[in-house]
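Engineer: Here is a sequence together with a model predicted from it:
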Amino acid sequence: MIHQWKVNRFLWSLLALVAFWVSLDGWLRPSLYDKVVTKSLMPGILAQDIMTALLAIFLMFFANFTKEKEYKKHLLIFGILGYFFYTYMMYATERIYNGFYFTYLLLAGLSFYSLVFGLVSLRFKPGMKLTVSPRLHSVSLFFTLVIPCIFIPKWTGQLISLIGSANRIEYLYSIYILDLVFVMPAFLIVAFLNWKEYLLGRLLTPVLFIKGFTVLFPLVIAEYLKPIYGQGMNRGEMSFYLVLSLLFLMLTVFYLRGLRELGYTKGLIE
């Protein structure tokens with residue numbers, strides 16, 4: 001269960017409301033980005049705003065219709081908060097200097113501290129453990145490890161190439177920073193905690209899966225939007241991110257359904 005329930009609900013609702021307003025405006029008024037990003041990036045920006053607006057609706061729903069003991073739904077919320085932190089840190093780092101820039105900073109900070117406050121507010125019975133089936137444990141552990149194994153070499157190789165050529169890129173450098181500083185270490189840490197069967201590892205595993213889905217699926221949407229901006233679709237890359245994002249979504253569903261309190265036949269939420 002979550003202590004300080006009213007404070008958490010207020011933070012989630014505030015974040016959802018502001019994020020929905022900002023993302024919907026960007027979705028409906030793409031000219032907002034005309035002077036601050038290149039046309040080649042607009043499919044990705046628009047896809048991000050679409051995903052953010054939809055997730056803001058989900059967050060508002062969960063914030064107002066979730067009970068303080070429904071910890072599995074709280075994990076869904078934490079995954080969405082992780083997405084908001086990633087997205088608005090990217091907007092802030094990439095210097096999207098439009099009329100919403102200070103709001104992007106607000107959303108990045110609010111999502112980060114809402115996530116931290118929510119996690120430290122979780123309370124369980126002393127000595128309680130959470131468990132999943134051995135097969136699900138193995139599969140989830142594999143995917144928690146395989147993501148860093150894919151993206152750390154990929155991003156490191158690209159950075160080495162940029163460093164070797166002294167090429168200071170103008171856009172998308174935030175992905176290297178966020179992934180290598182925050183996301184990939186988080187996957188490795190959670191993999192270790194889950195392997196050791198610590199409670200925190202069980203709790204954070206589905207949170208990372210949700211974050212994985214929400215960050216990767218906009219890349220699929222962006223490919224579909226490219227023809228609008230006179231760009232060709234990269235079907236191979238789209239298929240890769242589609243499969244990976246759907247795997248994360250499936251893992252989230254199976255993991256939350258399979259998560260059980262040790263010693264009980266049923267979880268808190270079916």
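Structural biologist: Great, that's in hand. Keep in mind that what you see is a predicted model, and the values were worked out from it rather than measured. Numbers count the residues shown, from 1 in each chain.
Engineer: what residues does stretch 223-236 touch?
Structural biologist: K39, S40, M42, P43, L46, A47, E237, M238, Y241 (CB atoms under 8 Å, 6 or more residues apart in numbering). Every C-beta, even on glycine, is put in place using the N, C-alpha and C of the backbone.
Engineer: hmm, try it at 7 Å
Structural biologist: With CB atoms under 7 Å, 6 or more residues apart in numbering as the test, stretch 223-236 has contacts from K39, S40, M42, P43, L46, A47, E237, M238.
Engineer: got the CA coordinates for that stretch in CSV?
Structural biologist: This file holds the C-alpha atoms of stretch 223-236, laid out as CSV (Å, rounded to 0.1, in the frame of the first residue of the first chain):
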residue,chain,number,x,y,z
GLU,A,223,7.5,5.9,-38.9
TYR,A,224,3.8,6.0,-39.8
LEU,A,225,3.9,9.8,-39.6
LYS,A,226,7.0,10.3,-41.8
PRO,A,227,5.1,10.4,-45.2
ILE,A,228,3.2,13.4,-43.9
TYR,A,229,6.5,15.2,-43.8
GLY,A,230,7.8,13.9,-47.1
GLN,A,231,10.0,11.2,-45.5
GLY,A,232,10.2,7.5,-46.4
MET,A,233,9.3,4.9,-43.8
ASN,A,234,12.1,2.6,-42.5
ARG,A,235,10.1,-0.6,-42.3
GLY,A,236,13.0,-2.6,-40.8
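Engineer: now it, how far from the centre of its chain.
Structural biologist: 24 Å (CA atoms, centre = their mean, to the nearest Å).
Engineer: average pLDDT for it?
Structural biologist: Per-residue pLDDT over stretch 223-236 has a mean of 90.
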